[in-house]
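Participant: Okay, here's the prediction I keep looking at, along with the sequence it came from:
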Amino acid sequence: PDEALKLLDKTLPKLKDPVPTHMEKLMLLYRTKGLEAGLEALQDLVEQNIQSPELLALLAEWLSEADQVDAAVQTARAALQADHGRLSPSQQARLYRLIGLKMKQIGQLDQSIHALSQAVQLEPDQVEHYLNLAHAYQDRREHTQALKILEQANALFPDDYRPYYLSGIVFKDNKEYIEAEKMLRLAAKMAPGEVSIHRLLGAVVALNLVHNR
């Protein structure tokens, strides 16, 4: 690894666009010497190339991993503002996802929902974005909107049990135990090895016996 880092350092001054090689060097540093060393090197580099959206995006991810919430969100927003077509839709979606999850973590649900909605639009083929957005709506006690998002996910990802499972949770929280049982039975059928589904299903069946004889 040390020889590889030296070789990359020799190559960098000769490159017209050094950012991809800087990224490779940083990832190598991260893998061999850990997050702290990689983060320190990346922060120094960002100070010299503040308008590079790729470096800012990587910095946002590593700050998030280091649990520096405010700095991660600010850096992610800076990366999106600095982007002029260099970041792919997938990279942009990851940044919006980071912002959305961090905003949800600190209770800023309006900002969370806005960011997670952007992630869905940019990367509509990723079920995790729909689940994250539904969770945010559920935290805001907007059950109808959460179920609407999960219905979209069920239609787009019919073989994934997670939208059904989360729908069951939303119905249960809204005291709609019959619908909750239906969703959880579907999820249990699709994922028979998931113990958490069966536990929740058992609880909902018991609630149904009490409330809907």
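Facilitator: Arrived safely, thanks for sending.
Participant: so how far is residue 126 from the spatially most central residue of the chain?
Facilitator: Closest residue to the average C-alpha location of the chain: residue 97 at 4.2 Å, with Cα atoms, centre = their mean. Going from residue 97 to residue 126 by Cβ to Cβ, to the nearest Å gives 9 Å. C-betas here are computed from N, CA, C, even on glycine.
Participant: tell me the pLDDT at the residue nearest to the centre of the chain?
Facilitator: Per-residue pLDDT puts residue 97 at 98.
Participant: again with residue 83
Facilitator: Per the predicted model, pLDDT is 88 at residue 83.
Participant: Alpha carbons of stretch 99-109, in PDB - could you do that?
Facilitator: Output in PDB follows, covering the C-alpha atoms of stretch 99-109 (Å, rounded to 0.1, in the frame of the first residue of the first chain):
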ATOM      1  CA  ILE A  99     -29.400  14.500   4.100                       C
ATOM      2  CA  GLY A 100     -32.800  12.900   4.500                       C
ATOM      3  CA  LEU A 101     -31.700  10.300   7.000                       C
ATOM      4  CA  LYS A 102     -29.700  12.800   9.100                       C
ATOM      5  CA  MET A 103     -32.600  15.200   9.100                       C
ATOM      6  CA  LYS A 104     -34.900  12.400  10.300                       C
ATOM      7  CA  GLN A 105     -32.400  11.500  13.000                       C
ATOM      8  CA  ILE A 106     -32.500  15.000  14.500                       C
ATOM      9  CA  GLY A 107     -36.300  15.300  14.000                       C
ATOM     10  CA  GLN A 108     -36.400  17.700  11.100                       C
ATOM     11  CA  LEU A 109     -39.000  15.700   9.300                       C
END
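Participant: Going by neighbour count, which residues of it are buried?
Facilitator: 99, 100, 101, 102, 103, 104, 108, 109 (16 or more other Cβ atoms under 10 Å).
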